[in-house]
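S.K.: Give me a 3D structure for the following:
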Amino acid sequence: MIAIGGAIGTGLFYGAGGAIEKAGPALILAYLLAGLAVFVIMRALGELLVYRPVSGSISEYAEEFMGRFAGFANGWTYWAVWATTCMAEITVAGKYVQYWPWGHDIPQWVTALVVLVVLFVANLISVKIFGEAEFWFSMIKVTAIIGMIIIGIGVLLPIAGFGPATGPSVSNLWNDGGFFPTGFSSALLSLQIVVFAYVGVELVGVTAGEAENPKVTLRKAINTLPFRIGLFYVGALIVILSVQGWRNYHAGHSPFVAVFQYLNIPAAAGIVNFILLTAALSSCNSGIYSTGRMVRSLAQRGDAPAGLQALSSRHVPMLAICFSALTMGVGVLVNYLSPDKAFAYITSVSTIGIIFVWGSILVSHFIYRQRVAAGVLPASDYRLPGAPYTTFLALGFLALVVVLLFFTDDGRTAILVGAIWFVIVTLGYFVHRGDRATEVVVRH
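M.R.: Sure thing, here's the model as predicted:
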């Protein structure tokens, strides 16, 4: 359920509106293509997890197979990805609250602050509360998407009593400018938005160290990924774009809410908006959880202050979570200063970071396979099919997305911010390494 919950968030529920506006029905193919690449990445991660399941494993594999700097950069970058993703979630939570009449006068930053504080406190109490909350958040999201798909199919059949008499039709996928109404290039450019929507599928790698039976549960989570992508992403988009033509969806508005407003089912749009609010809470909940574990993992390896690895009496990395939550408070400030552009600014940072993290998973897997072939490491019994060719194809996809970022304003912002971030990480690594060397000399 954590894997499902992490993979279904505002990237789909909220960001898809702008992506549809840019790419039209071709967005379906973009989600499918990105989904295939993500499945390869997850199978590569799954093979590494079965080989050695550890909490915070993504950065640990980078350090084991690519070197100390790679582990340092990967760990802090993945931390930044989830810190900014959580900022995006609390941003959207503020927008969802403003959907209701009573929420019109509530500033976006106020909702963002309240959500962050509540989930921060919940994560401090115990990992059980996090897991229980994430289970129900995920259940709500899954039920909502399945329910929307069933209602949408009922409208398309049609079933008496559902929706307007005319309008909804599968032909909406191609009868208004074709399947690529804004051109093939626009469909390609939408990949950068789609990549953000898939942020979170790798959460199973962070939770591995706390799973009761990781070698069993991780296989199940990863093996069901194609089904989840097919149903929750591709299936939902097909239904949405069939019920209502692509020109009816716009950036800044959830296509899921728009569909139910169009169908005019009493109170349905408000209920869906509430479900989307819980989806934002879910992803932010995952963000606080994962960043706390990642910072603790970095501290255990000496890549962060040693005090951040401490556990509370409830076995929760309290100081690491506090550090991450304080950083996420920047998202509240961004919402206060620029509420209209906060989501675009924040997601651009997350996109470039996750490309780096996913790429490091693939490279780590490739090196692991080489060492297995050389007889240095034991082989995993959960192998990535078609490797290393599938590995190279997935790396090629990530490289394509990076190139595409240069062709949009948001993408160029992501590249610029990403470059600044990696300069900071590089300087931080050498400064921290120098401090550690000095500490060793003093002790000696």
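S.K.: Extract the residue ranges of the stretch 51-200 of the chain that are flagged as low pLDDT.
M.R.: For the stretch 51-200 of the chain, the stretches with pLDDT under 70 are 55-57, 158-166.
S.K.: try 90
M.R.: 51-60, 63, 68, 75, 78-171, 175-177, 184-200 (pLDDT under 90).
S.K.: Run the chain-centre distance for the helix or strand A30 falls within.
M.R.: Using DSSP states H and E, A30 maps to helix 27-51. Relative to its parent chain, helix 27-51 has a centroid offset of 13 Å by Cα atoms, centre = their mean, to the nearest Å.
S.K.: Check which residues of that helix are buried.
M.R.: Within helix 27-51, the residues that count as buried by 16 or more other Cβ atoms under 10 Å are 27-31, 33-51. C-beta coordinates here come from the backbone N, C-alpha and C atoms, glycine included.
S.K.: repeat for stretch 416-423
M.R.: Under the neighbour-count criterion of 16+ other Cβ under 10 Å, stretch 416-423 has 417-418, 421-422 buried.
S.K.: any idea how far V357 is from the spatially most central residue of the chain?
M.R.: A centroid search over the chain (Cα atoms, centre = their mean) returns V199, at 2.0 Å, as the residue closest to the centre. According to Cβ to Cβ, to the nearest Å, V199 and V357 sit 9 Å apart.
S.K.: again, but for Y249
M.R.: 30 Å.
S.K.: again with L276
M.R.: Look at L276 and V357: by Cβ to Cβ, they are 26 Å apart.
S.K.: Could I get the CA-only coordinates of stretch 125-141 as PDB?
M.R.: Written as PDB, here are the backbone C-alpha positions of stretch 125-141 (Å, rounded to 0.1, in the frame of the first residue of the first chain):
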ATOM      1  CA  ILE A 125       4.900   9.400  17.400                       C
ATOM      2  CA  SER A 126       5.600   6.000  15.800                       C
ATOM      3  CA  VAL A 127       6.200   4.300  12.400                       C
ATOM      4  CA  LYS A 128       3.100   2.300  13.100                       C
ATOM      5  CA  ILE A 129       1.000   5.400  12.900                       C
ATOM      6  CA  PHE A 130       2.700   6.400   9.700                       C
ATOM      7  CA  GLY A 131       2.000   2.900   8.200                       C
ATOM      8  CA  GLU A 132      -1.600   2.900   9.300                       C
ATOM      9  CA  ALA A 133      -2.300   6.400   8.000                       C
ATOM     10  CA  GLU A 134      -0.600   5.600   4.700                       C
ATOM     11  CA  PHE A 135      -2.600   2.400   4.300                       C
ATOM     12  CA  TRP A 136      -5.900   4.300   4.700                       C
ATOM     13  CA  PHE A 137      -4.800   7.200   2.600                       C
ATOM     14  CA  SER A 138      -3.800   4.800  -0.200                       C
ATOM     15  CA  MET A 139      -7.100   2.900   0.200                       C
ATOM     16  CA  ILE A 140      -9.000   6.100  -0.300                       C
ATOM     17  CA  LYS A 141      -7.000   7.000  -3.400                       C
END
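S.K.: May I have the residues that are in contact with A268?
M.R.: A268 is in contact with F260, counting by Cβ atoms under 8 Å, 6 or more residues apart in numbering.
S.K.: and it, backbone torsions?
M.R.: Dihedral angles of A268 (phi, psi; degrees, to the nearest 10) stand at phi -60, psi -40.
S.K.: now do L405
M.R.: For L405, the backbone dihedrals (degrees, to the nearest 10) come out as phi -60, psi -30.
S.K.: Just the element for the closest residue to it other than its chain neighbours, please.
M.R.: Leaving out its chain neighbours, the residue that sits closest to L405 by Cβ to Cβ, 6 or more residues apart in numbering is G411, at 3.3 Å. Under the criterion of DSSP H and E, G411 resides in helix 409-443.
S.K.: pLDDT averaged over that helix, what's the number?
M.R.: For helix 409-443, the mean pLDDT works out to 75.
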